[in-house]
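Trainee: I would like the atomic coordinates for the input below:
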Amino acid sequence: MPWIYLVLAGLLEIVWAYFMKKSEGFTLLVPSSITFAAMIASFVLLSLAMRSLPLGTAYTIWTGIGAVGAFALGVIMLGEAVTPLRLLAALLIVAGIVLMKLSSPVT
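Mentor: Purely as a prediction, here's the structure:
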């Protein structure tokens, strides 16, 4: 169950990052509200995952899912640039997430 919480927390990190961008500096009510709701839910799920997962593992995977997901969403939804170096950076983050998962105790 902690891994499910952690993945959901990472996905919600993508949601709040996207809506933070759409909030235009928290000047728009709906995107700002979605940002705060997703942020709170993400933190709650992360804290539940951290009950049994090591801090370094949980935090690294949470931020990695958010970083790669926000990158992908930016490319797909916002037309952000896709360059070889940006793709390599995202690939290295994914590799780090996989290695962190493989090096963590099974819970």
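Trainee: Which stretches in this structure count as helices?
Mentor: Secondary structure of the chain (DSSP state H): helices at 2-22, 29-49, 55-78, 84-102.
Trainee: Single out the most deeply packed of those.
Mentor: Most buried of the helices of the chain, by mean neighbour count (mean count of other C-beta atoms under 10 Å): helix 2-22, with a mean of 19. Placement of C-beta: from N, CA and C, glycine included.
Trainee: Now do it against helix 84-102, angle only.
Mentor: For helix 2-22 against helix 84-102, the angle by axes from the mean of the first three to the mean of the last three C-alpha atoms, to 10 degrees is 150 degrees.
Trainee: Can you tell me what sits against helix 2-22?
Mentor: The contact list for helix 2-22 (C-beta atoms under 8 Å, 6 or more residues apart in numbering) reads 26, 28, 31-32, 34-36, 38-39, 41-46, 48-53, 58, 61-66, 69-70, 73-74, 77-78, 107.
Trainee: residue contacts, the spatially most central residue of the chain?
Mentor: Nearest to the geometric centre of the chain sits residue 66, at 1.8 Å (C-alpha atoms, centre = their mean). Taking C-beta under 8 Å, 6+ apart, we find residue 66 in contact with 10, 13-14, 17.
Trainee: Go again with 10 Å.
Mentor: Residues near residue 66 by C-beta atoms under 10 Å, 6 or more residues apart in numbering: 9-17, 42, 93.
Trainee: For it, which non-adjacent residue is spatially closest?
Mentor: residue 13 (3.3 Å; C-beta to C-beta, 6 or more residues apart in numbering).
Trainee: can you tell me how far that neighbour sits from residue 7?
Mentor: Going from residue 13 to residue 7 by C-beta to C-beta, to the nearest Å gives 11 Å.
Trainee: centre of the chain versus stretch 98-107, how much separation?
Mentor: In terms of C-alpha atoms, centre = their mean, to the nearest Å, the centre of stretch 98-107 is found 18 Å from the chain centre.
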